[in-house]
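Novice: Based on what follows, work out the 3D shape:
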Amino acid sequence: MSTTVDRLGPLRSAPFRWLLAARTTSILGNAVAPIALAFAVLDLTGSAADLGLVVAARSVANVAVLLFGGVIADRLPRDVVLVGTSSAAAVTQAAVAALVISGTASIPSLVVLSVLNGAVAAVSLPAAGALVPDTVPGAQLRPANALLRLGLNGGSILGASAGAGLVAVVGPGWGLAVDAAGFAVAAVLFARMRLPRGRAEADRSERTSVVADLREGWHEFVGRRWVWIVVLQFAVLNAAFVGATAVLGPVVADASFGRAAWGLVVAALSVGLAVGAVIALRWHPRHALGIGVALMVVAAVPVLALALRPSVPALIVSFAVAGAAIEVFSIAWDQSLQTNVPRDVLARVYSYDAVGSVVAVPFGEALVGPLAHTVGTTPTLLGCAVLIVVATVVAAVTPSVRRVTVQEAPPA
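Specialist: I've put the predicted structure just below:
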């Protein structure tokens, strides 16, 4: 069992402290954005199908650019990549906020800006995940990941809670403006990391073929059966969970307990995530990934609550429990990748992971609205819950997933 000093060891590293501050700051604003954007679209047209179209546009762009984002993050200094993507995200979100506040927003304009924002996020995601081993010693990866997740979850709790009140009182446009400001501050903090440039950066810059880089990353990805099995699980799980909560959740809230309370429900998920990070700091099972994968069956609980008992207390409890399970899995997953995949291809493996995990999300987001109109909201939510359970059981019983162990240090 690690001591408290061991768990706080990553904070001794200045680059890690700036990374932690930057990612926490960006999530403070970004936690507001889904709530604000959802109600901005509903205020504009009142259509769940339109809401699904806008959020699906971002996801489509995200998936389309993710693989190239991994190549960029393995070629260029990852901290520099994050400065650029945070700055670009600040600009795109500021444009969305300006349109909504001025009353000139339209569904086509929101779709275009969502595409741009999704593309920017696709570049930043693999860079952020692959950067962690560059900021701390290998033995500190688990507490580093847990502390990062605690910061992200704390920012999500504060951002979602305050953002829901902001959206309810002064409108969704100002919530989007907060998101833009958070990204701008994060860009400044990422710039403070100043990681040393070593042979790794020189080696990356010598690559000339993007296709060769993608092929190398694909070989590393498919060469580990446990990686692609879990990614397939999350392709199904994410499509069902995000479609149910991001699209139908606000619809259920508008029809029952109200927008402000929906912000509390979303914040409860973040509270659960924080609890899961604390658990991961103190609990170090040998087969952490297999346990985390099996725990994802709990993600069906909030979807069932939305379908069968959409009351605020029931939803708060179910979202919190699901959040704890998600976080235990996420930290085990990050450490498993960071300590079993060579560092010079890690960003590309992260990008293939991200693409596979979210490739079906746009379909889930775009389909649940029309499906709810056709067969009803409750049957659609129940179908999403069944998909989550089936995908999780299949992955959890796979031997290669159960056998994975996290290592103490990443491979060279």
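
Novice: so how many other residues sit close to the nearest residue to Thr377 once chain neighbours are set aside?
Specialist: Spatially, and ignoring its direct neighbours in sequence, Thr377 is nearest to Leu248 (5.9 Å; CB to CB, 6 or more residues apart in numbering). C-betas here are computed from N, CA, C, even on glycine. Leu248 has 25 neighbours, counted by other CB atoms under 10 Å.

Novice: And for the one 3 residues further on?
Specialist: Val251 sits with 21 neighbouring residues when counted by other CB under 10 Å.

Novice: any idea how far the helix or strand harbouring it is from the chain center?
Specialist: Assigned by DSSP states H and E, Val251 belongs to helix 249-255. Offset of helix 249-255 from its chain centre (CA atoms, centre = their mean, to the nearest Å): 22 Å.

Novice: What lies in contact with it?
Specialist: Contacts to helix 249-255, defined as CB atoms under 8 Å, 6 or more residues apart in numbering, come from residues 35, 38-39, 42, 48, 51, 259, 261-262, 265, 306, 310, 372, 377.

Novice: Next, the buried residues of the helix or strand following that helix.
Specialist: Per DSSP H and E, the first helix or strand lying C-terminal to helix 249-255 is helix 259-282. Buried residues in helix 259-282, counted by 16 or more other CB atoms under 10 Å: 259, 261-278, 280-281.

Novice: Would you pull up how far helix 259-282 lies from the middle of the chain?
Specialist: On CA atoms, centre = their mean, the centre of helix 259-282 falls 14 Å from that of its chain.

Novice: Can you get me a residue count around Trp218?
Specialist: Neighbour count for Trp218, taken as other CB under 10 Å: 14.

Novice: That one: what's it in contact with?
Specialist: So Trp218 contacts Tyr352 (CB under 8 Å, 6+ apart).

Novice: got it, and Leu152?
Specialist: Residues near Leu152 by CB under 8 Å, 6+ apart: Arg23, Thr24, Ile27, Leu273.

Novice: just for this structure, where's the confidence low?
Specialist: For the chain, applying pLDDT under 70 flags the ranges 1-8, 160, 196-208, 406-412.

Novice: Would you map the helices across the stretch 151-300 of the chain?
Specialist: 172-191, 199-205, 210-222, 225-242, 249-255, 259-282, 288-295, 300-308 (DSSP state H, counting those that start in this stretch).

Novice: Those into CSV, with extra columns for distance to Ser13?
Specialist: Shown next, in CSV, are those (distance: least, CB to CB, whole Å):
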stretch, distance to Ser13
helix 172-191, 15
helix 199-205, 17
helix 210-222, 27
helix 225-242, 28
helix 249-255, 38
helix 259-282, 17
helix 288-295, 23
helix 300-308, 36
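
Novice: sorry, back to before: among the contacts of Leu152, which one is most surrounded by other residues?
Specialist: Ranked by neighbour count (other CB under 10 Å), the contacts of Leu152 have Leu273 at the top, with 27 neighbours.

Novice: just checking, that one touches Ala325?
Specialist: No - with contact defined as CB atoms under 8 Å, Leu273 does not reach Ala325; the gap is 9.5 Å.

Novice: sorry, back to before: list the buried residues of the helix holding Val251.
Specialist: The neighbour-count check on helix 249-255 (16+ other CB under 10 Å) flags Gly249, Pro250, Val251, Val252, Ala253, Asp254 as buried.

Novice: which one of the residues you listed is nearest Glu216?
Specialist: Ranked by distance to Glu216 (CB to CB), those are led by Gly249 at 39.7 Å.

Novice: returning to that earlier point: how about the helices of the stretch 151-300 of the chain, which one is nearest Pro10?
Specialist: Across those, closest to Pro10 is helix 259-282 (CB to CB), at 11.2 Å.

Novice: same for the closest one, what does it pack against?
Specialist: Judged by 3 or more CB pairs under 8 Å, 6 or more residues apart in numbering; DSSP states H and E, the packing partners of helix 259-282 are helix 33-44, helix 141-170, helix 249-255, helix 312-340.

Novice: mind redoing it with 6 Å?
Specialist: With contacts defined as 3 or more CB pairs under 6 Å, 6 or more residues apart in numbering; DSSP states H and E, the packing partners of helix 259-282 are helix 141-170, helix 312-340.
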